Structures are given as structure tokens and as C-alpha cells.
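*Asks:* here is the input, now give the coordinates:
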Amino acid sequence: MRQQLIPLAADEKGKLKVSEDSRLALRHQQYLEAATAENTRRAYQSAIRHFEQWGGYLPASANMVQAYLLAHAQTLNPRTLSLRLTALRHWHQLQGFPDPTASPQIRKTLQGIIRVHGRPKRQAKVFQLEHLEMMINQLSESSTLKDLRDKALLLIGFFGAFRRNELVAIKVEEIHWEPEGMVIVLPRSKTDPNGEGKFKALPVGEGVLCPITALKQWLQAAKINSGSIFRRINRWEALLDTPLHPASVTFILKRVAEQVGFGFVPELSSHSLRRSLATSAYRAGASFESIKRQGGWSHDRTVWSYIEAAQYFEDNAASALLTKSR
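*Replies:* Here you go, the predicted model:
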């Protein structure tokens, strides 16, 4: 979690040099960091900073961790507190210290906080295929570089069920064009941290919702032949070499949805693209396995949680009664 001081050894000329042991220690530290996903590592680092800013010190005792929980039980979401405990556990295990979060007292305290202060997890808004078509039609009213890029971004993001960091990281070299559509190679993903390679196939579609047509139009207009396909565009409509930031996906989605006039704009996020693909595909008759494969989900329960919105009115016990009463 913290940078370690690398010991230096003096050579015969009195100059400092990094010892072989230090080189190995540095390499070992790099491998340890690589074992944890970057986003997870950032979350852990933020949690440790918060703990120390509160007044905690490392290594921590079980009593100190319990005091930390009690100090924030009414202000932080229980899920956030649970993540903070995971970060503390990770730090202590990595540094070779006893884990203070393993105390039964700590686990019981967290369970009590969850029971008293627990609240439903906020889910990204699910929109329908019709909503996507309205947004694409809105973007199709002009042919500026930004609108062409955003149209391709939303269509690729939706039909590929991409995570936002995967979406903005796509490169031309990772796209394989096929008669049926295109196959995108993901060098790394959340469910493939070792870089074995994942593939996402997007078929050719009809009309304005075809992701293949939208991407080809964007690449041709922007004259992009290599590197990142989704790049920043400055206020003067000049295309930059730097790829979009992952947070830009939510910003673009909300901006276009607001232009259309949707009332659920604040509930949207980049994750809405993935959830909406899952529910729309399920309603259209896609199999559970095909939805799971397209989204790159590793756990069945995650997929079911995403498509449950499509089942609210299917085989509903109240439907038969309400139909009968008409």
C-alpha cells in the first residue's frame, strides 16, 4: 500500500547503487501490486488513507478498528465500511501482521451496523431499446466529429455490454472485421486479469442501431487507422491523440439523454449500458448463457440481478387477478 524505502549500498568508488537484494525486493513489490486489479488497489489505498486521517495507525489493533467502525457507522454506507475492513485486512496480510478484522467482535459489530443502517444498493438505471434509438436519432441530426464518436461509443458500449474502462481502451488493432460483423479482442478485463484474452462479437444490424456502421463512419471521419478508437475532442472540434477517460462514458450518456428529454437522467451511469443490454436481450428471447457471455460476467447471480427488472411483470401473481377483474 505504501512505497517502501529501497536500501542503497555504496560501491568501491563511494557512489550509491541499488543492491541486488533491493532490486529483488522492488521487483517483488511490483508483482504483489500487479496481483491486485488497479481499481481495487486504488480503492484499498483510499480506504487506508481514510483510516489514517481519522487517527488510526498501522498496524492496527482490533479495538482501534472497532472504534473506527463505531465512529463512522451512522455516516458511511455499510458497504463502504465493509470495503474499508477488506482493505485493512489486505494491508495487514500483505505486511505480515496479524489481521485485526478477523476478530469475532469486529464481524459482529459490522453485522449489527448492516442490520441497523443497511440500505438498498443503488442500481444504474435500465433503459429500453427504444430509448437507445431515440438517443442515436438525436446524435444523427448532425455529423460533427463529436456526435459521430458519441453515436459509435453508445452503440458499441450497449451491444457489447462493455465496462467503461474496457470501452475507452479499445484499439483499432484489436478489431477484427468479419462478414457477420466484428470481433473485438480484450487484452485484459475484470474477469480476465491475467491477460489470457477475451473476445466480444458484435453482429451487423439494421437501421440506425447498427454498431458496425456507426463505428466505420466514425473511424473514417476521424481518419483513425491505429491506436485508441474513442479519443478526446477539444472545444474547437480538434481530435486529440489521448483516449477518453472512463468517466466520460457516463457524462456522454447523460448529456445525450438530457438532450432527448428523458426524466431519468440523474439515474444513468456507464453501467446502464451493460444492465440495459442484459434486460433488453432477455426480453428479446436471448438465452441466459449468451447474455452472460456478451457481458463477460463470471457469476450467474450477477447476471440474474441485472435481468430481474425484465421479469417484474412476467408470471406475476397479481396479473391473473387484475386481468380477471376487468
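
*Asks:* pLDDT below threshold where in this protein?
*Replies:* The model of the chain has pLDDT under 70 over residues 1-19, 25, 28-29, 31-36, 188-197, 324-326.

*Asks:* could you pull out the strands for it?
*Replies:* Taking DSSP state E as the test, the strands found in the chain are 8-10, 16-18, 175-178, 181-186, 198-203, 231-233, 239-243.

*Asks:* residue 321 is nearest to which of these?
*Replies:* Relative to residue 321, the nearest member of the strands of the chain by Cβ to Cβ is strand 198-203, separated by 41.1 Å. For every residue, glycine as well, the C-beta is placed using N, CA and C.

*Asks:* mind putting the strands of the chain into JSON lines with mean neighbour count and distance to residue 56?
*Replies:* JSON lines is the format used below for these (neighbours: other Cβ atoms under 10 Å; distance: least, Cβ to Cβ, whole Å):
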{"stretch": "strand 8-10", "mean neighbour count": "11", "distance to residue 56": "31"}
{"stretch": "strand 16-18", "mean neighbour count": "11", "distance to residue 56": "33"}
{"stretch": "strand 175-178", "mean neighbour count": "12", "distance to residue 56": "48"}
{"stretch": "strand 181-186", "mean neighbour count": "18", "distance to residue 56": "38"}
{"stretch": "strand 198-203", "mean neighbour count": "17", "distance to residue 56": "39"}
{"stretch": "strand 231-233", "mean neighbour count": "17", "distance to residue 56": "39"}
{"stretch": "strand 239-243", "mean neighbour count": "12", "distance to residue 56": "37"}
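
*Asks:* just put those strands in CSV and tack on distance to residue 306.
*Replies:* Output for these, formatted as CSV (distance: least, Cβ to Cβ, whole Å):
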stretch, distance to residue 306
strand 8-10, 52
strand 16-18, 49
strand 175-178, 26
strand 181-186, 19
strand 198-203, 17
strand 231-233, 29
strand 239-243, 27
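
*Asks:* of the ones you listed, which is nearest residue 273?
*Replies:* Closest approach to residue 273 among these is made by strand 198-203 (13.0 Å; Cβ to Cβ).

*Asks:* what's the spacing between the nearest residue to residue 273 once chain neighbours are set aside and residue 149?
*Replies:* Nearest residue to residue 273, sequence neighbours excluded (Cβ to Cβ, 6 or more residues apart in numbering): residue 157, at 4.3 Å. Separation of residue 157 from residue 149 (Cβ to Cβ, to the nearest Å): 12 Å.

*Asks:* list the buried ones in stretch 207-227?
*Replies:* By neighbour count on 16 or more other Cβ atoms under 10 Å, the buried set for stretch 207-227 is 209-215, 217-219, 221-222, 224.

*Asks:* could you chop this protein up by domain?
*Replies:* For the chain, automatic domain parsing gives the domain ranges 36-117, 129-311.

*Asks:* would you turn the ones you listed into a markdown table with distance to residue 27?
*Replies:* A markdown table is the format used below for these (distance: least, Cβ to Cβ, whole Å):
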| stretch | distance to residue 27 |
| --- | --- |
| domain 36-117 | 16 |
| domain 129-311 | 18 |
